[in-house]
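# My questions are about this predicted structure, shown below with the sequence.
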Amino acid sequence: MTGRALASAPGKVILTGEHFVVHGEPSLVMAVDLRAYVEARAGAEGFRIEAPNLGLTWSGEGDVPRPLAPIKLLMDRLLEESRSRRGLWVRVTSSIPTSAGLGSSAAVAVAAAASLCTPLGEVFIEVEIFELALEAERLVHVNPSGVDPLISTVGGVVAYRRGEGYVAVEASVKPTIIVGYTGSRRPTGAMVKRVERLRRKYPEVMAPLFHAGGHLTIEAAEALREGDLERLGELLNVNHGLLCAIGVSTRKLDKLVYAARGAGALGAKLTGAGGGGCMIALCREAEADKVARAIERSGGRALKVRMDGEGVRLEEVRRA
Ligand code: PMV
């Protein structure tokens, strides 16, 4: 079979529980209205991956550039399964800022898995897309919890626990979130390792913090279900304190967090791995612009995001 398919998948913000989720605690995560798009063409001549946003191309020869390695792995896996060596071309475009903790690499991997399996004649099954994307994520991150590929696959808001799965959280209000980007970032793997070192060095001190991180997520999910944004905001603030305690915040992140709170945010915290990257501020709609301006005045780049209820989806399929 030859043909082409275009698939997309959303980025995400972690509302609560990053890092704690790596060690078995639950995390609350929300898909956002920024998407990665991947187009796959089967039956073309040779193999090619293009990512114009990143200024990267691999034309089938030599080493694949590192950021494109997860896509190459997915190509190899899906070609193995379809027992053929048909040519494949893949093109990636995305509106999700990269290396910011907004789930860009996972969204690309999820959209790539969905787009690649379609023209190869495979059936698109969500759980398989997630497993494939998680395998691809392992090339990029040390010990990923799976939270990023999971939310890109299923969309909406979910409470996720590694090894156990997820429950969808029916939010009774759509929260308005302002993301503040610091402009710099340490790799997720390095931050996960840093937390692991502290955990091993001070097990008695760290265990209650991790436990609190898990409990906080359960309460935050309840608050969102009930539409109690004040309670959710307070829990985000507590979560930021815990993330400071385990050493993943930075002066710049703290500055943006306090600026957002000062401008009327209901709560604010760093989101994702930390060491730079992004913070989020939960706001009432009326306060959102004021909070965004406060973040910009403090040197961050502000971006308003809304929940995206949809996970991975096929945008277009053409069979030749
Ligand atoms: O890569 P990020 O910034 O989205 O961080 C992912 C969240 C961590 O909990 C730090 C790592 C993980 O695999 O869950």
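Good, I have the coordinates.

# Around Thr118, how many other residues sit close by?
25 (other Cβ atoms under 10 Å). Where you see a C-beta, it was placed from the backbone N, CA and C, and this is true even at glycine.

# Skipping its backbone neighbours, what lies nearest Thr271 in space?
Nearest residue to Thr271, sequence neighbours excluded (Cβ to Cβ, 6 or more residues apart in numbering): Ile280, at 4.6 Å.

# Helix or strand: which one has the one you found?
In this assignment (DSSP states H and E), Ile280 forms part of strand 278-283.

# check contacts around the closest residue to the ligand within the stretch 151-300 of the chain.
Nearest residue of the stretch 151-300 of the chain to the ligand: Gly272, at 2.6 Å (Cβ to the nearest ligand atom). Gly272 makes contact with Val13, Ile14, Glu18, Ala100, Gly101, Leu102, Thr188, Cys278, according to Cβ atoms under 8 Å, 6 or more residues apart in numbering.

# Could you do Ser99 as well?
Arg185, Gly277.

# That one: helix or strand, and which one exactly?
Using DSSP H and E, Ser99 falls outside every helix and strand.

# Next, give phi and psi for it.
Dihedral pair for Ser99: phi 50, psi 40, per degrees, to the nearest 10.

# residue contacts, the residue lying closest to Lys12 once chain neighbours are set aside?
Spatial nearest neighbour of Lys12, excluding adjacent residues (Cβ to Cβ, 6+ apart): Gly103 at 3.9 Å. Residues counted as contacts of Gly103 (Cβ under 8 Å, 6+ apart) are Pro10, Gly11, Lys12, Ile96, Asp148, Ile151, Ser152.

# Tabulate those residues in a markdown table, adding columns for secondary structure.
Compiled in a markdown table, the contacts of Gly103 are given as follows (DSSP: H, G, I helix; E, B strand; the rest coil):
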| residue | secondary structure |
| --- | --- |
| Pro10 | strand |
| Gly11 | strand |
| Lys12 | strand |
| Ile96 | coil |
| Asp148 | helix |
| Ile151 | helix |
| Ser152 | helix |
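
# And these, which two are furthest apart?
Taking Cβ to Cβ, the two most distant members of those are Ile96 and Ile151; they sit 12.4 Å apart.

# Count the residues that sit near the residue nearest to Thr271.
If you count neighbours by other Cβ under 10 Å, Ile280 ends up with 30.

# Hmm, Thr16 and it touching each other?
No - judged on Cβ atoms under 8 Å, Ile280 makes no contact with Thr16 at a distance of 10.3 Å.

# Residues that sit against both of these two, list them.
In contact with both Ile280 and Thr16: Leu236, Lys269, using Cβ under 8 Å, 6+ apart.

# sorry, back to before: take the strand holding Ile280, keep the C-alpha atoms, and write them as CSV.
Only the C-alpha atoms of strand 278-283 are listed here, as CSV (Å, rounded to 0.1, in the frame of the first residue of the first chain):
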residue,chain,number,x,y,z
CYS,A,278,8.4,27.2,32.1
MET,A,279,6.2,28.2,34.9
ILE,A,280,2.4,28.3,34.9
ALA,A,281,0.0,30.7,36.5
LEU,A,282,-3.7,29.7,37.1
CYS,A,283,-5.8,32.8,36.6
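
# Tell me if that strand is near the ligand.
No - counting by Cβ under 6 Å from any ligand atom, the ligand has no neighbours in strand 278-283; the shortest distance is 8.1 Å.

# Run through the residues that contact Glu122.
Contacts of Glu122 (Cβ under 8 Å, 6+ apart): Leu78, Glu81, Ser82.

# Neighbour-wise, give me the winner out of the residues you listed.
Using other Cβ under 10 Å as the neighbour criterion, Leu78 leads the contacts of Glu122 with 22 neighbours.

# Apart from its chain neighbours, what residue comes closest to that residue?
Nearest to Leu78 is Leu116, by Cβ to Cβ, 6+ apart, at 4.8 Å.

# List buried residues within the contacts of Gly272.
Val13, Ile14, Glu18, Ala100, Gly101, Leu102, Thr188, Cys278 (16 or more other Cβ atoms under 10 Å).

# Tell me which two in the residues you listed are the farthest apart.
Greatest spatial distance in the buried ones among the contacts of Gly272: Val13 and Thr188, 14.6 Å, computed using Cβ to Cβ.
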